[in-house]
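Asks: from the sequence below, what's the structure:
(one chain, ligands or ions: 2)
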Amino acid sequence: MSYLKIDGISKSYQEGIHALKNISLSVEKGNVVSLVGESGSGKSTLLRIVAGLENRNSGEILLEGARIQNPKEKLVPGYDEIQLVYQDYHLYPNSTVEENIARPLLQYDKQYKDKRVTTILNLLGLASFKDKLPRQLSGGQQQKVAIGRALSLEPQVILLDEPFSSLDTIQRRELIAELKSLFGQLGITVLFVTHDLDDALQMTDFLVIMQHGKLIQKGNPEQIFSNPKSLYAGKLFSHLNPIPDKPKTYVRPSDLHLYKSSGLSVKIIERQYLVHYNLLTVRLNDGTVWKVEDKKRSFEIGDRAFLKWEEEKEISFK
Ligand code: ADP
Ligand code: MG
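Replies: Ligands and ions are numbered 1, 2, ... in the order given. Below you'll find the predicted structure:
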């Protein structure tokens, strides 16, 4: 029996328009899964349904075999065992860090509450900020408080809905690394939703890709990178260059080798300096425009270059 089972979930807010279409996914206990999809693909809807906070039209959510009820079936929607963390923190602005984290524990006795809050403050490295107000913290720290609040009820499952979108790159990277080790330590099961593949890759090695309310591919990043099942899944990882005379067949900019004398002749029309290589825009003789990684940074705009690649690196959708 799988631990968290999403079984054939469909949802329409308006008749005839699917926000989710027959989504199924099994997650083992303690696993961290990244759900990647563009805006509007149904990620937030799915998380709210998993949390029991949104009615579904069909399908079931099972946690350790127990059925999660729709909000309309339950007096108080949602479950302590499954906590959802939003992008925009939802902290109480006039409560301290400590009070925000203690908030879900209102009905518990003081001794338990104090102990739990201290544990969380320490876990998240927030002890020295406990008397601060949210506005006195950085975005990353505020998001940690929101995650701390979600952890206060000792949930079994945490659902993160684009939690890093309002953070800058460095804050984001640091927080992801910190949370990754925290989740591992707690053995908690996590569904992490993002539109950003880099964030997803930093967080996990299991990806689920969604598009237009459908689950289009799942697997580890290497598998999806080398064998994407759709153009969208392929393009999430990098630009894809269409190969002339080979319909629906592409090659990645990183799989092209540049030479000065033999191969497919191209002209360099643009050059962009990036951290690990120059990204060249080149024009093929038939007018097709490609992107190529120039790792040695040896070509200039106006140069002619020659491209080769291994046939097994070609990606084809048929
Ligand atoms: P994502 O989180 O991937 O951006 P959402 O789950 O928010 O996607 O939205 C999926 C689709 O459902 C979108 O087309 C969106 O407009 C629609 N939708 C989301 N929430 C509602 C709502 N409360 N009422 C009507 N339509 C909604
Ligand atoms: Mg969303």
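Asks: beta partners of V208?
Replies: According to DSSP bridges, the residues that bridge with V208 are L35, K218.
Asks: how close does it get to N31?
Replies: Counting by CB to CB, to the nearest Å, the separation of V208 from N31 is 11 Å. For glycine as for every other residue, the C-beta is placed from the backbone atoms N, C-alpha and C.
Asks: average pLDDT for the host helix or strand of E178, rounded please.
Replies: Assignment of secondary structure by DSSP states H and E places E178 within helix 169-186. Regarding helix 169-186, the rounded mean pLDDT is 91.
Asks: quick one: pLDDT of M1?
Replies: On the pLDDT scale, M1 is placed at 75.
Asks: wait, F164
Replies: Each residue has a pLDDT score; the one for F164 is 89.
Asks: what of D88?
Replies: Predicted confidence (pLDDT) for D88: 84.
Asks: contact residues of the stretch 1-150 of the chain facing ligand 1?
Replies: Of all the residues in the stretch 1-150 of the chain, those in contact range of ligand 1 (CB under 6 Å from any ligand atom) are Y13, A19, G37, S39, G40, S41, G42, K43, S44, T45.
Asks: starting at the chain centroid, how far to the following helix or strand past the helix holding E178?
Replies: Secondary structure here is assigned by DSSP H and E; on that basis, the next helix or strand after helix 169-186 toward the C-terminus is strand 189-194. Averaging C-alpha coordinates over strand 189-194 and over its chain gives two centres that are 7 Å apart (CA atoms, centre = their mean, to the nearest Å).
Asks: for stretch 162-181, same thing?
Replies: A distance of 11 Å separates the C-alpha centroid of stretch 162-181 from that of its chain, computed with CA atoms, centre = their mean.
Asks: do it and ligand 1 meet at all?
Replies: No - using CB under 6 Å from any ligand atom, no contact is recorded between stretch 162-181 and ligand 1, whose separation bottoms out at 7.5 Å.
Asks: number the residues from 30 up from this point.
Replies: With 30 as the first residue, the last one maps to stretch 191-210.
Asks: in that stretch, what's buried?
Replies: Buried residues in stretch 191-210, counting neighbours by 16 or more other CB atoms under 10 Å, are found at E191, P192, F193, L196, Q200, R201, R202, L204, I205, E207, L208, K209.
Asks: check stretch 128-140 too.
Replies: Buried positions in stretch 128-140, judged by neighbour count with 16+ other CB under 10 Å: E128, N129, I130, A131, P133, L134.
Asks: with pLDDT, distance to I111 and secondary structure as extra columns, can I get those in CSV?
Replies: Formatted as CSV, the entries for the buried residues of stretch 128-140 read as follows, by pLDDT from 0 to 100; distance: CB to CB, whole Å; DSSP: H, G, I helix; E, B strand; the rest coil:
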residue, pLDDT, distance to I111, secondary structure
E128, 96, 23, helix
N129, 96, 20, helix
I130, 96, 18, helix
A131, 96, 20, helix
P133, 93, 13, helix
L134, 94, 17, helix
